[in-house]
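Undergrad: return atomic coordinates for the entry below.
(2 chains)
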Amino acid sequence: MSEDLTLRLQTYLAGKLGARDLAVTGLARIHGGASRETYRFRAAYNGRERALILRRDPPASLIETERAAEFRAYQAFHKLGLPVPEPIALELDGAALERPFFIMEEVQNCSVASIMAPDPYRAHREKIGEQFFTVLGKIAAADPRALGVEDFEGAREPAQAALHEVVRWEKVIDEDEREPQPIARAAIRWLKRNPPPPAQKISVVHGDYRTGNFLFDAEGNIRAILDWEMTHLGDPLEDLGWALDPLWSHGDPAHPAGTLERETALAVWEKASGLKIDRAALGWWEIFASLKGAAIWISAAREYSDGRNIDAVNAFSGWFCLAFHNKVLADKLGALA
Amino acid sequence: MKPEVDQILNTCAMQLIGAIAPLLPASYSQSSASLLGFMMMFCAQEYDRAADIRAAENADMRALFADIAGAVNDAALRTKLEAAAKAEDASLKISALDAANHGLRKLLIEAQTHIETLGARDAEKKIWSVLRAAADRRVLKMPGS
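TA: Presented below is the predicted three-dimensional model:
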């Protein structure tokens, strides 16, 4: 399979880049999220060698995501100067490699944090936290129209942003739950009964902005924000709520993303975004984040249980992560009852 | 004396993570094997507690239904709650406990949705107390924590 994929990739890229002597070497699968198969490889052509990443749709996907939007988000934010890999090619029909795929540059000599690691950033935690929340603020500050992504899926009106997302993830639970989920259902009803104020603006939402979804180097520089597969338009507080979620805190919710103290992180985000955080609205989006997490993990459990995608990460998500978010939601909503 | 299932799973997991995964050639295979090891450790946790947490959750929901049925003003729902409250788990097989659990959860969702429309705060708090206890029981400890 790997040899076959190497040859197919080589043939495709030779045509795409107009380099008949192009050679693909070192194709190897790496972990890169459960919604895409991710491979690294080298492409040698015209006297140079490039380190590249292939992101291909799996036979079954954890969540139905819009690959064109993901690719365009890489384009838009790479162009804007944020730490995002350069996208190279997108193929939606998938004829060349059996399934839709895209190719981007590989940002090398970097690490990615495991969410299971207790303190992945160590001496660089504050430096990384400052960058992490600054970049997120810059994403919030960017104008979707100026980026050319105003047609992304999502809410168009600030007053619709919250309900749009609740309905979206409720639908995922409706379709994928294998057993009744009383905590998630109660959360959905609470979120609908207690909507936040309209978004301050409609922004690009990364959709999965968290520890573990960026690359950092040995000096503590964030070099690449990855996994834009759930990008859409919406309330910028949505990404902030997700980034603050305790599942991504490396066991210390007082230091979201395992980095800065919470209040410091919020101040960094406000400065970079130019927006003022409505604390009550953020609280709503944090509860929403745990509900969205639960929906994704329910979907993962379904994929695994039905045998469509038996990657162990789906078993982990559908069991450990769902239990985690059920507890977060039960504690928060139980305290509000 | 024989090795218990949780011991076997934990020991196999440690061998997989510590001795086998590092010998695999590609990083994807290595990390997949390590994650498989973690899953085996979770299975070891679940082995000892699986029947207990399900039986306790089912008992809690039945007691709750008996407690809140009086606050329900929908006669059909009240009848369902009273009937469910009287049932018992006849088998401690996980599949049987899960089947009962799923039926009880479905009824809990119906009852909670109804209670929320009544503004019956005391009953709402009781429901959340049961849900919080259930969520607490099902949390998995990260290996090594």
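Undergrad: all contacts plus neighbour counts: C-alpha atoms, from now on.
TA: Noted.
Undergrad: and stretch A:295-313, which residues are buried?
TA: In terms of neighbour count (16 or more other C-alpha atoms under 10 Å in any protein chain shown), stretch A:295-313 has its buried residues at A:295-304, A:309, A:311-313.
Undergrad: can it be said to contact chain B?
TA: Yes: using C-alpha under 8 Å from any C-alpha of the partner chain, stretch A:295-313 reaches chain B at A:311-313.
Undergrad: so the residue of chain B most remote from its centre, which state does it fall into?
TA: Largest separation from the mean C-alpha position in chain B: B:P25, at 37.3 Å (C-alpha atoms, centre = their mean). What DSSP: H, G, I helix; E, B strand; the rest coil gives for B:P25 is coil.
Undergrad: now the phi/psi pair for A:A44, please.
TA: Main-chain dihedrals, A:A44, degrees, to the nearest 10: phi -100, psi 130.
Undergrad: ditto for A:V107
TA: Torsion angles, degrees, to the nearest 10, at A:V107: phi -90, psi 110.
Undergrad: show me what contacts it?
TA: Neighbouring residues of A:V107 by C-alpha atoms under 8 Å, 6 or more residues apart in numbering or on different chains: A:51, A:85, A:215, A:223-224.
Undergrad: which ones among these lie within strands?
TA: Among those, the members found in strands (DSSP state E) are A:51, A:215, A:223-224.
Undergrad: neighbour count and distance to chain B for those - can I get that in a markdown table?
TA: Below are those laid out as a markdown table (neighbours: other C-alpha atoms under 10 Å in any protein chain shown; distance: C-alpha to the nearest C-alpha, whole Å):
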| residue | neighbour count | distance to chain B |
| --- | --- | --- |
| A:A51 | 17 | 16 |
| A:L215 | 22 | 16 |
| A:R223 | 20 | 21 |
| A:A224 | 22 | 20 |
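Undergrad: which one of these is nearest B:M40?
TA: Distance to B:M40, by C-alpha to C-alpha, is smallest for A:L215 among these, at 28.7 Å.
Undergrad: could you measure the closest one against A:A51, distance?
TA: Distance of A:L215 to A:A51, given as C-alpha to C-alpha, to the nearest Å: 15 Å.
Undergrad: next SSE after the longest helix seen in chain A?
TA: In chain A, assigned by DSSP state H, the helix with the most residues is helix A:279-305. For helix A:279-305, the following helix or strand on the C-terminal side (DSSP states H and E) is helix A:312-316.
Undergrad: who does that next one touch, helix- and strand-wise?
TA: In terms of contact count using 3 or more C-alpha pairs under 8 Å, 6 or more residues apart in numbering or on different chains; DSSP states H and E, helix A:312-316 is assigned the packing partners helix A:279-305, helix B:27-68.
Undergrad: run the last query once more with 6 Å
TA: In terms of contacts (3 or more C-alpha pairs under 6 Å, 6 or more residues apart in numbering or on different chains; DSSP states H and E), helix A:312-316 is not packed against any helix or strand.
Undergrad: list the buried residues in the helix or strand following that helix.
TA: Next in sequence after helix A:312-316, counting helices and strands by DSSP H and E, comes helix A:322-336. Of the residues in helix A:322-336, A:322-334 count as buried by neighbour count, 16+ other C-alpha under 10 Å.
Undergrad: show me what counts as buried in the lowest-mean-pLDDT helix or strand in chain A.
TA: Least confident helix or strand, chain A: helix A:2-17 with a mean of 91, by mean pLDDT, DSSP states H and E. Buried residues in helix A:2-17, counted by 16+ other C-alpha under 10 Å: A:6-14.
Undergrad: circling back: just curious, which of the residues of stretch A:295-313 next to chain B is nearest to A:H206?
TA: A:V313 (21.3 Å).
Undergrad: between helix A:322-336 and the longest helix of chain A, find me the angle.
TA: Orientation check (axes from the mean of the first three to the mean of the last three C-alpha atoms, to 10 degrees): helix A:279-305 against helix A:322-336 gives 150 degrees.
Undergrad: how far out from the middle of the chain is helix A:279-305?
TA: Relative to its parent chain, helix A:279-305 has a centroid offset of 13 Å by C-alpha atoms, centre = their mean, to the nearest Å.
Undergrad: what do you get for stretch A:193-201?
TA: 23 Å.
Undergrad: same question for it, mean pLDDT?
TA: Stretch A:193-201 shows a mean pLDDT of 98.
Undergrad: over to stretch B:52-68?
TA: Mean predicted confidence for stretch B:52-68 is 98.
Undergrad: would it count as contacting chain A?
TA: No: if you take C-alpha under 6 Å from any C-alpha of the partner chain as the test, stretch B:52-68 misses chain A, and the best it gets is 11.7 Å.
Undergrad: dump that stretch to PDB, keeping only the CA atoms.
TA: Extracted in PDB, the C-alpha atoms of stretch B:52-68 (Å, rounded to 0.1, in the frame of the first residue of the first chain):
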ATOM      1  CA  ASP B  52     -20.600  -2.200  40.300                       C
ATOM      2  CA  ILE B  53     -20.900   1.200  38.600                       C
ATOM      3  CA  ARG B  54     -23.700   0.000  36.400                       C
ATOM      4  CA  ALA B  55     -25.600  -1.600  39.300                       C
ATOM      5  CA  ALA B  56     -25.200   1.500  41.400                       C
ATOM      6  CA  GLU B  57     -26.200   3.800  38.600                       C
ATOM      7  CA  ASN B  58     -29.300   1.800  37.900                       C
ATOM      8  CA  ALA B  59     -30.200   1.700  41.600                       C
ATOM      9  CA  ASP B  60     -29.800   5.400  41.900                       C
ATOM     10  CA  MET B  61     -32.000   6.100  38.900                       C
ATOM     11  CA  ARG B  62     -34.700   3.800  40.200                       C
ATOM     12  CA  ALA B  63     -34.600   5.500  43.600                       C
ATOM     13  CA  LEU B  64     -34.700   8.900  41.900                       C
ATOM     14  CA  PHE B  65     -37.800   7.900  39.900                       C
ATOM     15  CA  ALA B  66     -39.600   6.800  43.100                       C
ATOM     16  CA  ASP B  67     -38.600  10.100  44.700                       C
ATOM     17  CA  ILE B  68     -39.600  12.500  41.900                       C
END
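Undergrad: helix or strand right after the least confident helix or strand of chain A?
TA: Assigned by DSSP H and E, the successor of helix A:2-17 is strand A:23-30.
Undergrad: now that following strand: buried residues?
TA: In strand A:23-30, counting by 16+ other C-alpha under 10 Å, buried: A:23-25, A:27-30.
Undergrad: relative to helix A:2-17, how tilted is it?
TA: Between strand A:23-30 and helix A:2-17, the angle comes out at 120 degrees (the same axes, to 10 degrees).
Undergrad: doesn't A:L233 belong to a strand?
TA: Yes: per three-state DSSP, A:L233 lies within a strand segment.
Undergrad: secondary structure class of the residue nearest the centre of chain A, three-state.
TA: With distances taken as C-alpha atoms, centre = their mean, A:D208 lies nearest the centre of chain A, 2.7 Å away. Following three-state DSSP, A:D208 is assigned to coil.
Undergrad: residue numbers of chain B in contact with chain A?
TA: For chain B, the contact set with chain A under C-alpha under 6 Å from any C-alpha comprises B:28, B:105-106, B:109, B:125, B:128, B:132, B:135, B:139-140.
Undergrad: in JSON lines, list the residues you listed along with neighbour count, pLDDT and secondary structure.
TA: Formatted as JSON lines, the residues of chain B next to chain A follow (neighbours: other C-alpha atoms under 10 Å in any protein chain shown; pLDDT from 0 to 100; DSSP: H, G, I helix; E, B strand; the rest coil):
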{"residue": "B:Y28", "neighbour count": "17", "pLDDT": "82", "secondary structure": "helix"}
{"residue": "B:R105", "neighbour count": "20", "pLDDT": "98", "secondary structure": "helix"}
{"residue": "B:K106", "neighbour count": "14", "pLDDT": "98", "secondary structure": "helix"}
{"residue": "B:I109", "neighbour count": "19", "pLDDT": "98", "secondary structure": "helix"}
{"residue": "B:K125", "neighbour count": "15", "pLDDT": "98", "secondary structure": "helix"}
{"residue": "B:W128", "neighbour count": "21", "pLDDT": "98", "secondary structure": "helix"}
{"residue": "B:R132", "neighbour count": "22", "pLDDT": "98", "secondary structure": "helix"}
{"residue": "B:A135", "neighbour count": "22", "pLDDT": "98", "secondary structure": "helix"}
{"residue": "B:V139", "neighbour count": "17", "pLDDT": "98", "secondary structure": "coil"}
{"residue": "B:L140", "neighbour count": "18", "pLDDT": "96", "secondary structure": "coil"}
